[in-house]
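1. Sequence and predicted structure, then a few things I'm wondering about:
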Amino acid sequence: MFRSLETAKERVSILVDGKAFEADANASVAAALLSAGLSAVRRSVVGAKPRGPYCLMGVCFECLVTIDGVQNRQACMVPVRQGMAVNTQSGARTVEDCAL
Amino acid sequence: MTLETIRNAENLSARYDIAIIGAGPAGMAAAAECARLGLKTVIFDENTGAGGQIYRAIARNGSASRPYLGKDYWRGAGLWEALCASAATYVPAAAVWSLEQRDSEAELRVSVAGRSRIVVAKRVILATGATERPMPVRGWTLPGVMSVGAAQIALKASALLPEGPVVLAGSGPLLYLYASQVLAAGGAIEAILDTTPRRNWFRAAPHFLSFLASPYARKGLGLLVEVTLAVRVFRSVATLAITGKEHAEGVAFMSRGKAFSLTAASIFLHQGVIPHANLANAAGCELAWNDRQACFVPVVDAEGRSTLPAIFIAGDGCAIGGAVVAEFDGRIAGLSAGLELLGKQPSEEMRRYVRLRQKALRGRAFIDLLYEPAPSFRAPTEDDVIACRCEEVSVGAIREAAAHGVAGPNQLKTMLRCGMGPCQGRMCAATVTELLADEQRRRPADVGTYRQRFPIKPVPLSEIAALPQTPEAMIAVTGQADH
């Protein structure tokens, strides 16, 4: 959906579902996912439908992902960090899904 | 004097004179005013960088590196510099999740870097800004569909340019502003589907002269001409459906009575903005229906004081006025709250801010009436369109409950779970009010809106449990005043 107009000076490496991606160190997780071409980040809780970031400002809660083991984080509100593990979600979360 | 930045809950003070929530134009201006009066001022912002959405990433962006953002964007740099030069305390990445008036003060709970803290402030100024009005159409939940505001945030914060074919759909100045920014940055837009009803031009016409005298006129008309020359614009778009299975693939729509379909990979929707008043709502500030802006807004007096006297509200979180009005709103609320605490009378400065605010408001009536969303996008009639995205509640289900006489939005929550998902009604509250009003032939003002509850942002239970508890709360849970 998007291409980046700039080459970031500082870059970090993040893992998305175990696969390594490079990201602008100043990006939010959602922006990093979008620039990596990942516009769908989860399957919805009720109907298992594909969903992706919608508002990018913390309002819609569509970009929920698991970040470093913590479920349902708003990808648009969390900055990327070197070595961060991002996992996409499918359906409702359960206690067993929780890595902590 | 320089700004103090705090990045963890431990370093916060337990008490401040003034706490400001939101670091957009209203919040930054309010903080600078309060700090200048010598008051102990803290400004919490949910984002990692100040600026709100309008001046998003203003502290990081240089005007040379991103010229396509336009002249008005750089006004934010002055606000940020003034905040930096003030003696306020700035707390980025801070989610305020509860707010209550206690006696004559306000108590808030805020989560910073994984820990929550209770903070008491003599006065709180809410500068929570606007959110985009939902535009529920068939297929709007598909990946590849975002709001125009989101696409613009991607451009401001991360220099992300949309790849095509790109289609913008909806109504309002942002549609054309974003289109011009994309063009200036070297991008392309396949089409704009403008849903502004033609009759709006007649309704807005009486305010055209005052609009012409406003700073919006030259910019707005310039944008319209520039974008219309470069992009295919379909006008009077009355219906819209987004097609695709796993990702948006196209749009099908009616424009001036003719049916069209286009291939599209990136589709951005916009139906204007409305106050993001969840925190004010949950705190118990009274809301009222604003007919001209077609949304609920918090009730405030001329100084920005809400119906709870310790809580002030400024900027687009109060009524939509745009960035410059928000800035003067912030100055007025900041000065009013500050002078009240100091027991002083309003200054000459205050009168100047009121005049400047009034001037910045010029042309707003024209914009409000021209871009009033079409009824078919406020209260859709297609039963299979999703209204509540979180709980996947359809327009048909809500209309059916309405036809059976559901009393209001809060009863609808218990029946259908709409507004009960993680977004807490932010994405469906406006639609639900309009659907009930339409189906039950009531005025939106009488239908009302969801009553919001704390926490207004999700917080781990461990953070809540770690907060100090009152003896009353301990007795309520354990039967004893302590463990």
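-> Nice, thanks for sending it over.
2. Measure how buried residue B:321 is and give me the count.
-> 23 (other C-beta atoms under 10 Å in any protein chain shown). Glycine gets a C-beta too; all of them are placed from N, C-alpha and C.
3. That one against residue B:363, yeah?
-> No - assessed by C-beta atoms under 8 Å, residue B:321 is found out of contact with residue B:363, at 10.6 Å.
4. Residue of chain B closest to chain A, please.
-> Using C-beta to the nearest C-beta, the closest approach of chain B to chain A is made by residue B:143 at 3.5 Å.
5. Got the phi and psi for the spatially most central residue of chain B?
-> Geometric centre of chain B, nearest residue: residue B:130, 1.5 Å, by C-alpha atoms, centre = their mean. Backbone torsions of residue B:130, given as degrees, to the nearest 10, read phi -110, psi 170.
6. got the contact list for it?
-> Residues near residue B:130 by C-beta atoms under 8 Å, 6 or more residues apart in numbering or on different chains: B:53, B:273, B:274, B:275, B:276, B:316, B:317, B:320.
7. So the second one is in contact with residue B:320, correct?
-> Yes - in this structure, residue B:273 sits in contact with residue B:320. The criterion is C-beta under 8 Å, and the distance is 5.7 Å.
8. so where's chain A uncertain?
-> Residue ranges of chain A with pLDDT under 70: A:97-100.
9. interface residues of it facing chain B?
-> Contacts of chain A with chain B, taken as C-beta under 8 Å from any C-beta of the partner chain, map to A:1-6, A:24, A:26-28, A:31, A:34-35, A:39-41, A:44-47, A:49-62, A:64, A:70, A:72, A:77, A:79.
10. and the stretch 101-250 of chain B, which of its residues are near chain A?
-> Contact residues, the stretch 101-250 of chain B versus chain A (C-beta under 8 Å from any C-beta): B:131-132, B:141-147, B:149-150, B:153-154, B:157-163, B:185-186, B:246-247.
11. Buried ones among those?
-> B:131-132, B:141-147, B:149-150, B:153-154, B:157-162, B:185 (16 or more other C-beta atoms under 10 Å in any protein chain shown).
12. buried residues in stretch A:71-84?
-> Per 16+ other C-beta under 10 Å, stretch A:71-84 contains these buried residues: A:71, A:72, A:73, A:74, A:75, A:76, A:77, A:78, A:79, A:80, A:84.
13. Kindly report the same for stretch B:226-238.
-> Buried residues in stretch B:226-238, counting neighbours by 16+ other C-beta under 10 Å, are found at B:227, B:231, B:233, B:234, B:236, B:237.
14. Among the residues you listed, which lie within helices?
-> Using DSSP state H, the subset of those located in helices is residue B:227.
15. Tabulate the buried residues of stretch B:226-238 (JSON lines), appending pLDDT and distance to residue B:32.
-> Listed next are the buried residues of stretch B:226-238 as JSON lines, based on pLDDT from 0 to 100; distance: C-beta to C-beta, whole Å:
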{"residue": "B:227", "pLDDT": "96", "distance to residue B:32": "35"}
{"residue": "B:231", "pLDDT": "97", "distance to residue B:32": "39"}
{"residue": "B:233", "pLDDT": "98", "distance to residue B:32": "41"}
{"residue": "B:234", "pLDDT": "98", "distance to residue B:32": "44"}
{"residue": "B:236", "pLDDT": "96", "distance to residue B:32": "45"}
{"residue": "B:237", "pLDDT": "97", "distance to residue B:32": "43"}
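16. Do a quick rundown of the strands in the stretch 251-400 of chain B.
-> Secondary structure of the stretch 251-400 of chain B (DSSP state E, counting those that start in this stretch): strands located at B:258-263, B:266-271, B:273-275, B:287-290, B:295-298, B:311-313, B:386-388, B:393-394.
17. sorry, that was for chain A
-> Remark: strands assigned in chain A by DSSP state E are A:2-4, A:11-16, A:19-24, A:42-43, A:50-51, A:64-67, A:70-74, A:85-87, A:89-90.
18. closest one to residue B:343 among the ones you listed?
-> The closest of the strands of chain A to residue B:343 is strand A:70-74. By C-beta to C-beta, the value is 42.1 Å.
19. Can you report how many residues neighbour the residue nearest to residue B:263 when sequence neighbours are not counted?
-> Spatial nearest neighbour of residue B:263, excluding adjacent residues (C-beta to C-beta, 6 or more residues apart in numbering or on different chains): residue B:250 at 4.8 Å. Using other C-beta under 10 Å, the number of residues around residue B:250 comes to 17.
20. Would you confirm that residue B:250 contacts residue B:260?
-> No - if you go by C-beta under 8 Å, residue B:250 and residue B:260 don't touch, sitting 10.3 Å apart.
21. List the buried residues of stretch B:356-375.
-> Those would be B:356-357, B:360-374, for stretch B:356-375 by 16+ other C-beta under 10 Å.
22. what sits up against the strand or helix carrying residue B:221?
-> Residue B:221 is part of helix B:215-230, with elements assigned from DSSP states H and E. The contact list for helix B:215-230, computed with C-beta under 8 Å, 6+ apart, reads B:72, B:173, B:176-177, B:179-180, B:183, B:189, B:192, B:211, B:233, B:322, B:324, B:360, B:362-363, B:367.
23. Where do the helices of the stretch 251-400 of chain B begin and end?
-> B:278-283, B:323-342, B:348-360, B:364-370, B:375-378, B:395-403 (DSSP state H, counting those that start in this stretch).
24. same thing with the stretch 1-150 of chain B?
-> Listed in chain order, the helices of the stretch 1-150 of chain B (DSSP H, counting those that start in this stretch) span B:25-36, B:75-84, B:148-158.
25. Adding mean pLDDT, write these out as CSV.
-> Putting the helices of the stretch 1-150 of chain B into CSV (pLDDT from 0 to 100) gives the following:
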stretch, mean pLDDT
helix B:25-36, 98
helix B:75-84, 96
helix B:148-158, 96
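26. Redo the ones you listed as CSV? Include distance to residue B:68.
-> Output for the helices of the stretch 1-150 of chain B, formatted as CSV (distance: least, C-beta to C-beta, whole Å):
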stretch, distance to residue B:68
helix B:25-36, 21
helix B:75-84, 16
helix B:148-158, 8
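27. Please identify the most buried of those helices.
-> Across the helices of the stretch 1-150 of chain B, the average number of neighbours (mean count of other C-beta atoms under 10 Å in any protein chain shown) peaks for helix B:25-36, which reaches a mean of 31.
28. so what does that one touch, helix or strand wise?
-> Helix B:25-36 sits against strand B:15-21, strand B:41-44, helix B:75-84, strand B:115-126, helix B:323-342, with contacts defined as 3 or more C-beta pairs under 8 Å, 6 or more residues apart in numbering or on different chains; DSSP states H and E.
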